[in-house]
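1. dropping the sequence and predicted coords here.
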Amino acid sequence: MTKIAFLGTGNMGAPMSRCLLQGGHQVTVWNRSADKAKALETVGAKVAGTIAEAVAGADAIFTMLMDDEACRAVWAGPGGVLESSPRPGALAIESSTVSNAWVHELAGLAAAKGLRFVDCCVAGRPDAAEAGALHIFAGGAPADVEEIREIVKPYTKSFSNFGGVGRGNAFKLIYNVMGAIQVAALGEAMQACEAAGIDLMAAANAFSIGNTNSGHVIRHSKYMATGKHESPVGFSPKGRIKDTLYGVAFIEKVGGQSRLGRTTVDVFGQAVEVGMGDLNDSELIDALRKVHAKT
């Protein structure tokens, strides 16, 4: 049993915390909006009122937060983890989708406090987290990554070790750009099918069985064809834009090309422009309908 502090219990953090509890770990949770953390008491979590209370004596400190700004506040801000006397030698585990630059900065800050840093990124939506079927992309010292592999088994479907600190995050950013491109391309293709008078369910089935198929295509094409989307929202256009921009920045910094990534930001930007940025990414087809109805 590992004593875990889990900071951030939103759509992903809550089911991940539940899986860790079901796996026999002792879990203390904290969330900026306390009511989201409070709901986990019924499944055995201890709810902390402050970050300091959450991390006291913890063997492993996880964060699952929105972006660089939120992560910086929780780790390095006033009353954050690094000010809260975490146990020397504890694991500091960043699971949020954040920039690679911040991951490397955070790794240095954590090491200065005697913590062992691992970027332990997750791929999958809330339903996959609930089912214990997330894909893990990790980076860190070999022994630390192997220790993490055992801790996160309760919510893991596959676990990939990409090497040193920052490499798990690097792969996740590239992975997210590729996924966003697929969803954007599918939205445009389905809207084009509709414009051409092609039945959308027939199109969804054909896209899903041909060489165009992927997990994104199979899942999202049905949503787009039926108009029945996830509830609550699984992944929004704003989220796609944020993740893709982090990914594009990293790809271009290391000398890669991401023209499709930049175009994908523009495609999802149309959803934001018509007031649909906080809805499901699969509702991109509805945003494109609105955009093209104006032209």
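-> Great, that's in hand.
2. quick one, helices of the stretch 51-200 of the chain?
-> With DSSP state H, counting those that start in this stretch, the ranges of helices along the stretch 51-200 of the chain come out as 51-55, 68-76, 100-112, 126-130, 142-151, 167-195, 200-209.
3. out of those, the one nearest Gly247 is which?
-> Using Cβ to Cβ as the measure, helix 167-195 is the one of the helices of the stretch 51-200 of the chain that comes nearest Gly247, at 3.8 Å. Bear in mind the C-beta positions are built from the backbone N, C-alpha and C, glycine included.
4. what mean pLDDT does that closest one get?
-> Confidence over helix 167-195, taken as the mean pLDDT, stands at 98.
5. possible to save the helices of the stretch 51-200 of the chain as TSV with distance to Arg87 and mean neighbour count?
-> Formatted as TSV, those follow (distance: least, Cβ to Cβ, whole Å; neighbours: other Cβ atoms under 10 Å):
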stretch	distance to Arg87	mean neighbour count
helix 51-55	8	21
helix 68-76	15	18
helix 100-112	12	18
helix 126-130	27	17
helix 142-151	14	17
helix 167-195	23	21
helix 200-209	49	16
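6. out of those, which comes closest to Gly10?
-> For these, distance to Gly10 was read as Cβ to Cβ. The smallest value, 9.0 Å, belongs to helix 126-130.
7. any idea which residue sits dead centre in this structure?
-> Nearest to the centroid of the C-alpha atoms of the chain, with distances taken as Cα atoms, centre = their mean, sits Thr97, at 5.1 Å.
8. nearest to Leu288, out of the helices of the stretch 51-200 of the chain?
-> The minimum distance between Leu288 and the helices of the stretch 51-200 of the chain falls on helix 167-195, with 4.3 Å, by Cβ to Cβ.
9. so the closest one versus helix 200-209, what angle?
-> When axes from the mean of the first three to the mean of the last three Cα atoms, to 10 degrees is applied, the directions of helix 167-195 and helix 200-209 differ by 140 degrees.
10. angle of helix 167-195 against helix 100-112?
-> Using the same axes, to 10 degrees: helix 167-195 against helix 100-112 is 150 degrees.
11. please renumber the chain so that the first residue is 26 from this point on.
-> Noted, 26 is the first residue going forward, which turns the last one into helix 192-220.
12. now helix 192-220: how far from the chain's centre is it?
-> Counting by Cα atoms, centre = their mean, to the nearest Å, helix 192-220 is centred 15 Å from the centre of its parent chain.
13. just confirm Gly48 contacts Pro179, I think it does.
-> Yes - between Gly48 and Pro179 there is a contact at 3.1 Å, judged by Cβ atoms under 8 Å.
14. could you check which of these two is surrounded by more residues?
-> When neighbours are counted by other Cβ atoms under 10 Å, Gly48 comes out ahead of the other of Gly48 and Pro179, with 19 against 16.
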